[in-house]
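J.: quick one, what's the 3D model for this:
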Amino acid sequence: PYTEIAKRLNLSESTVRKRVQALVEEGVIRRFTIEVEPSRLGLRTVAIIGVDVDPPRLLEVAQRLSQLHEARWVATSTGDHMIMMEVWISDGRALTRLISERIGRIEGVKRVCPAIILEKLKG
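T.: Below is the predicted model of the structure:
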């Protein structure tokens, strides 16, 4: 990867490697990762879900949601919903079951507001 970056920036590979290493040491780069195409794994439905909870249970519910294997990320937030999460799942029927049988049954959950992603344009 350093070679490709170096070519694009018209720099030497060693310069790129040193700069990246410095960014890692400074904590600017926290990790290196891969990007997965969920549909290639049979996960054809991606949804962002807003979850409203009883305030005293906020962190407890967020922790429980983060344990769901379908959850890509879970965050507490301000705004329309107290918790936001992204899930990858096989289809709409499976999403309905996830919401009704698992998320909705977590003690403290008051409301679940899913939004299915139609097309990802960036990120």
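J.: and the pLDDT for Ile34?
T.: Here, the pLDDT recorded for Ile34 equals 89.
J.: state the distance from it to His69.
T.: Using C-beta to C-beta, to the nearest Å, Ile34 is found at 18 Å from His69. Glycine gets a C-beta too; all of them are placed from N, C-alpha and C.
J.: quick one, which of these two is more surrounded?
T.: Taking neighbours as other C-beta atoms under 10 Å, Ile34 and His69 compare with His69 leading, 7 against 4.
J.: part of a strand, is that one?
T.: No. With DSSP: H, G, I helix; E, B strand; the rest coil as the criterion, His69 is coil rather than part of a strand.
J.: okay, now Ile48: neighbour count?
T.: Neighbour count for Ile48, taken as other C-beta under 10 Å: 16.
J.: and it, what element?
T.: strand 45-53 (DSSP states H and E).
J.: again, but for Leu23
T.: helix 13-25.
J.: do the same with Gly79
T.: Counting by DSSP H and E, no helix or strand carries Gly79.
J.: what comes up buried for the helix holding Leu23?
T.: 16, 20 (16 or more other C-beta atoms under 10 Å).
J.: what's it packed up against?
T.: Packing partners of helix 13-25 (3 or more C-beta pairs under 8 Å, 6 or more residues apart in numbering; DSSP states H and E): helix 2-9.
J.: which of the residues in the helix it packs on are buried?
T.: Here helix 2-9 shows 2, 6 as buried, counting by 16+ other C-beta under 10 Å.
J.: which residues does that helix contact?
T.: 11-13, 15-17, 20 (C-beta atoms under 8 Å, 6 or more residues apart in numbering).
J.: state the mean pLDDT of that helix.
T.: So the average pLDDT for helix 2-9 ends up being 94.
J.: pairing partners for the residue nearest the centre of the chain in the sheet, please.
T.: Residue closest to the average C-alpha location in the chain (C-alpha atoms, centre = their mean): Trp73, at 3.2 Å. Here Trp73 sits in beta bridges with Glu86, as judged by DSSP bridges.
J.: from Ile83, how far out is it?
T.: Look at Trp73 and Ile83: by C-beta to C-beta, they are 11 Å apart.
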